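Peer 1: Task: produce atomic coordinates for the following.
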Amino acid sequence: MFTAAIQHYYKFFDETITSSTFIVLMVTCLIFAAGTMGPAANASDYSGNIQWAVKARDNFGTITIDGIEYQINLQKI
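Peer 2: This next block holds a predicted model:
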């Protein structure tokens, strides 16, 4: 049984995989299998708000701690 497994192993890798088309087909199948097994991306999980982005950019020098807003001024000495 062990020798039969080795013979099938060599037959598969020496005779079948010598064709590059078969190698491309195997890689393609692996890619599709990984894609179907992975988690699906859902666009509703992503959100974007332009008004929030503009406000965040304008308030770059401010922080809020316990509801109190502080302004940060960095100056070169």
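Peer 1: how about the strands in the chain?
Peer 2: 62-65, 68-71 (DSSP state E).
Peer 1: Just list whatever residues bridge to Ile68.
Peer 2: Ile65 (DSSP bridges).
Peer 1: How many residues are close by it?
Peer 2: Using other CB atoms under 10 Å, Ile68 has 7 neighbouring residues. Any C-beta I mention is one placed from the backbone N, CA and C, and that applies to glycine too.
Peer 1: Same question for the one 4 residues further on.
Peer 2: Here the number of neighbours of Ile72 (other CB under 10 Å) works out to 8.
Peer 1: again, but for Ser44
Peer 2: Around Ser44 there are 5 other residues, counting by other CB under 10 Å.
Peer 1: From Gln51, how far off is it?
Peer 2: Between Ser44 and Gln51 the distance is 20 Å, computed by CB to CB, to the nearest Å.
Peer 1: any chance of the strands of the chain in TSV, with distance to Ala4 and mean pLDDT too?
Peer 2: Below are the strands of the chain laid out as TSV (distance: least, CB to CB, whole Å; pLDDT from 0 to 100):
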stretch	distance to Ala4	mean pLDDT
strand 62-65	72	80
strand 68-71	77	84
